[in-house]
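> Let's see this in three dimensions:
(4 chains)
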There are 2 protein chains.
Amino acid sequence: MVHYQVRLDTTFAALSDVTRRGVLEQLGGSDASITDLAQRFHMTLTGMKKHVSILEQAGLVTTEKVGRVRTCKLGQRRLEEEAAWIEQHRQLWSARFDALDELVEHLKRKEKADAQRKRR
Amino acid sequence: MVHYQVRLDTTFAALSDVTRRGVLEQLGGSDASITDLAQRFHMTLTGMKKHVSILEQAGLVTTEKVGRVRTCKLGQRRLEEEAAWIEQHRQLWSARFDALDELVEHLKRKEKADAQRKRR
DNA sequence: TCTACAGTGAACCATATGGTTCACTATCAG
DNA sequence: CTGATAGTGAACCATATGGTTCACTGTAGA
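Residues are numbered from 1 along each chain as shown, chains lettered A, B, ... in the order given. Purely as a prediction, here's the structure:
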């Protein structure tokens, strides 16, 4: 899938900002308005609105405006794809490093054997 | 930790580019030179060098130059922190949505009961 | 030694990002 | 109706990003 890659792009990009990760943590505790978030992160309303839009774009947050206040909550996307990507690569990493470990172990054993052979 | 946040910043930023994720997958298969990678991703040497530097900066890749060729391999960092962050928030997500599910279930039951009461 | 090759660094470019201010709309409370 | 409040959008700004070209260094091979 092509879109899959675009999705990872936008999500990881969304997560690469401290403020936005902070907003997610905040929303994990309770829903909040733009004003709430703007205050908590010492930022203008406009600035926070942008961050929220980016999170919304990435599907990590959903918002609903009732009256004049827009309430933000955690979105439906639960980072499955991202977790999957990272997990997959952690396994790759591990596999490669395990192979390296084995090689090292093998060399150690060989070295030991050689040393013993030499001693005889 | 303050540095912890900076680290997440740089790692997620590193992962937010298709090319760089591609390089990681590539290196998961086998080590490669800058030239190899540049060719595979249709890019100039200079361009690829930049990507590799970013990945190296994030600790996801290590490189060693022997002779005139610089060989790139997967780095020591295995995305533990990032996986942890995501997992933590997936749990948060889940907790909140589970609570929502329960609420919905509760309302459903209540509705059903009300309907029955009315029918009598 | 001569030539080709791998990488590097500086300069440059277009576009994206993270933030602001300012002017505006819409809603709430009295 | 009026004033304060919440959000929005356009314009602007500085800096970062992803890429290029070009000139350069260092190494490998014939």
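> Tell me the residues of chain A that contact DNA strand D?
With the criterion set to C-beta under 7 Å from any atom of the strand, chain A comes near DNA strand D through A:33-35, A:38, A:45-46, A:49, A:65, A:68-70. (Each C-beta comes from the backbone N, C-alpha and C, glycine too.)
> 10 Å instead?
Within chain A, the positions adjacent to DNA strand D are A:9, A:13, A:16, A:32-39, A:44-50, A:52-53, A:63-72 by C-beta under 10 Å from any atom of the strand.
> Now, the residues you listed that are in helices?
A:9, A:13, A:34-39, A:45-50, A:52-53 (DSSP state H).
> helices or strands up against the host helix or strand of A:Leu55?
Per DSSP states H and E: A:Leu55 is located in helix A:45-57. Judged by 3 or more C-beta pairs under 8 Å, 6 or more residues apart in numbering or on different chains; DSSP states H and E, helix A:45-57 is in contact with helix A:2-15, helix A:18-29, helix A:34-40, strand A:61-66.
> mind putting these in TSV, mean pLDDT, mean neighbour count and distance to B:Arg77 included?
Formatted as TSV, the helices and strands packed on helix A:45-57 follow (pLDDT from 0 to 100; neighbours: other C-beta atoms under 10 Å in any protein chain shown; distance: least, C-beta to C-beta, whole Å):
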stretch	mean pLDDT	mean neighbour count	distance to B:Arg77
helix A:2-15	85	16	16
helix A:18-29	95	17	18
helix A:34-40	98	17	31
strand A:61-66	97	14	28
